[in-house]
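Participant: Dropping the sequence and predicted coords here.
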Amino acid sequence: DQSIQLVSRRFEIQTVGSANKDVVQGPGVTGRQPVLKPGESFEYTSTAPLSVRPMMDKTQVVARMSGEYNFVQLSDDGVTPMTSTPLKAELGAFHFILPEE
């Protein structure tokens with residue numbers, strides 16, 4: 001069993017009613033590139049600006065998001081990547097929903 005390191009992420013965020021998608025991408029998440037041993041997990045909190053005009057009479061959904069995380073598998077020393085080709089973990093689409101008032 002090998003450790004992995006989160007090296008980058010890419011997300012597409014589309015506001016409901018807009019044809020444009022905002023792309024958020026870069027190294028790691030929230031300034032970190034955590035190393036995970038088998039069985040370990042990592043949690044983080046992040047924000048994204050949304051330009052929304054609620055259409056509560058039509059939908060509570062204000063945006064949808066999908067994307068991916070990219071990892072490298074590390075050698076036994078826990079530092080050196082075994083390959084330069086990252087492993088991709090896709091994040092299925094989900095919705096930002098305004099709570100009912």
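Facilitator: Perfect, I can see it now.

Participant: since we're on Arg9, how many residues are nearby?
Facilitator: Residues lying near Arg9 (other CB atoms under 10 Å) number 19. All C-beta spots, glycine's among them, are computed from the backbone N, C-alpha and C.

Participant: Just the pLDDT for the nearest residue to it once chain neighbours are set aside.
Facilitator: Counting by CB to CB, 6 or more residues apart in numbering, Arg9 lies nearest to Tyr69, which is 5.0 Å off, once chain neighbours are set aside. pLDDT, Tyr69: 97.

Participant: With the one 5 residues further on instead?
Facilitator: At Leu74 the predicted local confidence, pLDDT, stands at 95.

Participant: Quickly note the distance from the residue nearest to Arg9 to Thr30.
Facilitator: Tyr69 is 13 Å from Thr30, where distance means CB to CB, to the nearest Å.

Participant: neighbour count winner among those two?
Facilitator: Neighbour totals were compared for Tyr69 and Thr30, and Tyr69 leads with 18 against 10 (other CB under 10 Å).

Participant: What residues are bridge-paired with the more buried one?
Facilitator: Bridge pairing for Tyr69 (DSSP bridges) gives the partners Arg9, Ala89.

Participant: what's the answer for Asp22, then?
Facilitator: Beta-bridge partners of Asp22, as defined by DSSP bridges: Ile13.

Participant: and it, what does it touch?
Facilitator: Glu12, Ile13, Gln14, Thr15, Ala48 (CB atoms under 8 Å, 6 or more residues apart in numbering).

Participant: and the gap between the closest residue to the first one other than its chain neighbours and Ala93?
Facilitator: To tie it back to what came earlier, the one meant is Glu12. Distances taken as CB to CB, 6+ apart put Lys21 closest to Glu12, at 4.7 Å, once the chain neighbours are dropped. From Lys21 across to Ala93, the span is 12 Å (CB to CB).

Participant: Below-threshold pLDDT in the protein: ranges please.
Facilitator: Across the chain, the ranges flagged by pLDDT under 70 are 51-57, 101.
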